[in-house]
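# task: produce atomic coordinates for the following.
(chains A, B, C and D)
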Number of protein chains: 2
Amino acid sequence: MATATRSNNRLDVLLDSSAELFSAGGYQGTTMRDIATKCGMLPGSIYYHYPNKEALLVGVYEEGVRQLSERVQREIAKATDPWERLELMLAAHVEMIVEPTAYASVIIRVLPDDVPPVRDDLVRQRDKYEVYLRDLVGALPLPEDLDPSLLRLFLIGAVNHIPVWHQPGGESPKQIARQLMRVLRRSFSCQAEEN
Amino acid sequence: MATATRSNNRLDVLLDSSAELFSAGGYQGTTMRDIATKCGMLPGSIYYHYPNKEALLVGVYEEGVRQLSERVQREIAKATDPWERLELMLAAHVEMIVEPTAYASVIIRVLPDDVPPVRDDLVRQRDKYEVYLRDLVGALPLPEDLDPSLLRLFLIGAVNHIPVWHQPGGESPKQIARQLMRVLRRSFSCQAEEN
DNA sequence: TAGATAAACAAACGTATGTTTTTCTATTAG
DNA sequence: CTAATAGAAAAACATACGTTTGTTTATCTA
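Presented below is the predicted three-dimensional model:
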């Protein structure tokens, strides 16, 4: 028989609060007491849901990857042109990580090496999502002297750095993605004209 | 009269050790005891040199900016072409931040918002260095639909993300800078041909 | 409606943290 | 040679941390 779950279960509130705090303050900068306060529990109560702080982080990470993947899959289905598909992905990605309450921000803010005991779990989760970017960049008809995997890493760096400087009133995620793609696109179309 | 300083002063050892640990473990992930152990002092002895942990971080930050600025100034003097100058800066920057013992890594790893009490000091320091990049990107003859300040932020993100994925055996900083510039350069030369 | 159990409370435990205070010692200026 | 003191040792302090333990409350199911 499957384990029963109560209707007024507050696991979701716990996860939401954790995500928000981990995203804003990082892993070490967030205490179990912070989380408990935020979701209206006592510190000890968290341990009914997760055996320890690290496991809680992994839980948030998993949900973050789930949300990101789902959204990206939905977006890139809207186009067939590889350039357009990449732009759609980047726009969606940026949109999710500048949203401060989002689980996605945690994946950007907390690096696997920040929490050695669960490093491998976090890397596995992160990689599960980055496959999308790998495929989209791989599908681009790039000039031969441009290493696709390096380009992918440049892109990850550029977009994941956005939360550091972006402020609510600034450019929209769509505008940002378009600017980013302009650099690449032009680079390509030039090459095409030469051949 | 200037304050006397003893010949066997170990302030430099303290700073070096702090830089290495902050770079590897971040601010919150590094304890005063870690630092003391690394430089062969007792925890309390650190407080003779700095009033608290935050001030110590600022000290490391300052030295990091000093080293980066000095090195970059020396490098970009080697060329006059704006593209070449930017490439020289990026190569030097990458070289310094992938070196794990470097002060520069701390500036990448520890974000101002990680340490609210000295946030403004850290931002001021960081900006002092980023002026170089601002000027170099500003000197590029870019097409009009390409926002230079956005481009600058993309570049910062891309290069500062490198320590996350780069491993000792991988591409050299020079190769990385060249790849990164290839994307931009081609973008430009294409535009030039069109006009 | 009785028994089981999901979900949280209440309160403490042991430890690690940044920091302070006091004491010692080796260098250096006079 | 000696007094002053830069610089570090030694040891503790107060607090904040992740976690554990024992207990209670509310919900579901047979």
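
# so where's chain A uncertain?
Where chain A drops to pLDDT under 70, the residues are A:1-8, A:187-195.

# which positions in it make contact with chain B?
Contact residues, chain A versus chain B (CB under 8 Å from any CB of the partner chain): A:26, A:28-29, A:111, A:114, A:143, A:145-147, A:150-151, A:153-162, A:164-165, A:171, A:176, A:179-180, A:182-184, A:186-187, A:189-191, A:193. Using the backbone N, CA and C atoms, a C-beta is placed for each residue, glycine as well.

# if we use 7 Å, what do you get?
Contact residues, chain A versus chain B (CB under 7 Å from any CB of the partner chain): A:26, A:28-29, A:111, A:114, A:145-147, A:150, A:153-154, A:156-158, A:160-161, A:164-165, A:179-180, A:182-184, A:186-187, A:190-191.

# what's the ChimeraX line that selects buried ones from these?
Selection command for ChimeraX covering only the buried members of the residues of chain A next to chain B, criterion 16 or more other CB atoms under 10 Å in any protein chain shown:
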select /A:26,28,29,111,114,146,147,150,153,154,156,157,158,160,161,179,180,182,183,184,186,187,190,191
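
# can you narrow the residues of chain A next to chain B down to the ones near DNA strand D?
Contacts with DNA strand D are made by none of the residues of chain A next to chain B, judged by CB under 7 Å from any atom of the strand.

# need the residue closest to the centroid of chain A.
Residue closest to the average C-alpha location in chain A (CA atoms, centre = their mean): A:Ala104, at 3.8 Å.

# quick one: what helix or strand has it in it?
Taking DSSP states H and E as the definition, A:Ala104 sits inside helix A:103-109.

# run through who's touching that helix.
A:19, A:22-23, A:26, A:60-61, A:63-65, A:67-68, A:96-97, A:126, A:160, A:163 (CB atoms under 7 Å, 6 or more residues apart in numbering or on different chains).

# if you set the cut-off to 6 Å instead, what comes out?
Here helix A:103-109 makes contact (CB atoms under 6 Å, 6 or more residues apart in numbering or on different chains) with A:19, A:22-23, A:26, A:60, A:63-64, A:67-68, A:96-97, A:160.

# gap between that helix and the chain center?
Counting by CA atoms, centre = their mean, to the nearest Å, helix A:103-109 is centred 5 Å from the centre of its parent chain.

# please apply the same query to stretch A:54-71.
Here the centre of stretch A:54-71 is set off from its chain's centre by 9 Å, with CA atoms, centre = their mean.

# what do you get for stretch A:150-162?
Distance of stretch A:150-162 from the chain centroid (CA atoms, centre = their mean) equals 12 Å.

# just stretch A:167-187 next, same as before
18 Å.

# quick one: contacts of that stretch?
The contact list for stretch A:167-187, computed with CB under 6 Å, 6+ apart, reads A:83, A:87, A:90-91, A:94-95, B:147, B:150, B:183, B:186-187, B:190.

# ditto for stretch A:120-127
The contact list for stretch A:120-127 (CB under 6 Å, 6+ apart) reads A:58, A:61-62, A:65, A:112.

# any chance of TSV for the contacts of helix A:103-109, columns distance to DNA strand C and secondary structure?
Below are the contacts of helix A:103-109 laid out as TSV (distance: CB to the nearest atom of the strand, whole Å; DSSP: H, G, I helix; E, B strand; the rest coil):
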residue	distance to DNA strand C	secondary structure
A:Ala19	16	helix
A:Phe22	19	helix
A:Ser23	22	helix
A:Gly26	14	coil
A:Val60	16	helix
A:Glu63	17	helix
A:Gly64	21	helix
A:Gln67	22	helix
A:Leu68	26	helix
A:Met96	27	helix
A:Ile97	28	helix
A:Asn160	27	helix
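
# dump these to TSV, plus distance to B:Asp120.
Putting the contacts of helix A:103-109 into TSV (distance: CB to CB, whole Å) gives the following:
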residue	distance to B:Asp120
A:Ala19	28
A:Phe22	24
A:Ser23	22
A:Gly26	19
A:Val60	30
A:Glu63	34
A:Gly64	31
A:Gln67	34
A:Leu68	33
A:Met96	29
A:Ile97	25
A:Asn160	24
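
# identify, from these, the entry nearest to A:Gly40.
The closest of the contacts of helix A:103-109 to A:Gly40 turns out to be A:Ala19 (CB to CB; 15.8 Å).

# distance of the closest one from A:Arg10?
Taken as CB to CB, to the nearest Å, the spacing of A:Ala19 relative to A:Arg10 amounts to 14 Å.

# A:Tyr47 too?
Remark: distance between A:Tyr47 and A:Arg10 (CB to CB) = 14 Å.

# pick out the residue in chain A sitting closest to DNA strand D.
A:Gly44 (2.6 Å; CB to the nearest atom of the strand).

# can you get me the start-to-end distance on stretch A:100-120?
End-to-end distance of stretch A:100-120: 25 Å, with CA to CA, to the nearest Å as the criterion.

# residues of it that come out buried?
Taking 16+ other CB under 10 Å as the neighbour-count basis, stretch A:100-120 is seen to contain the buried residues A:102-112, A:114-115, A:118.

# does A:Lys78 sit in a helix, a strand or a coil?
Under DSSP: H, G, I helix; E, B strand; the rest coil, A:Lys78 falls in the coil class.

# related to what we said a few turns ago, and the furthest pair within the buried residues of stretch A:100-120?
Of all pairs in those, the most separated under CB to CB is A:Ala102 and A:Val118 at 20.7 Å.

# how close does A:Ala77 get to A:Ala92?
Distance from A:Ala77 to A:Ala92, by CB to CB: 11 Å.

# spell out the residue ranges of the strands in chain A.
In chain A, no strands are defined using DSSP state E.

# got the residue ranges for the helices in chain A?
In chain A, the helices defined using DSSP state H lie at A:11-25, A:32-38, A:46-49, A:53-76, A:82-98, A:103-109, A:119-138, A:148-160, A:162-165, A:173-194.
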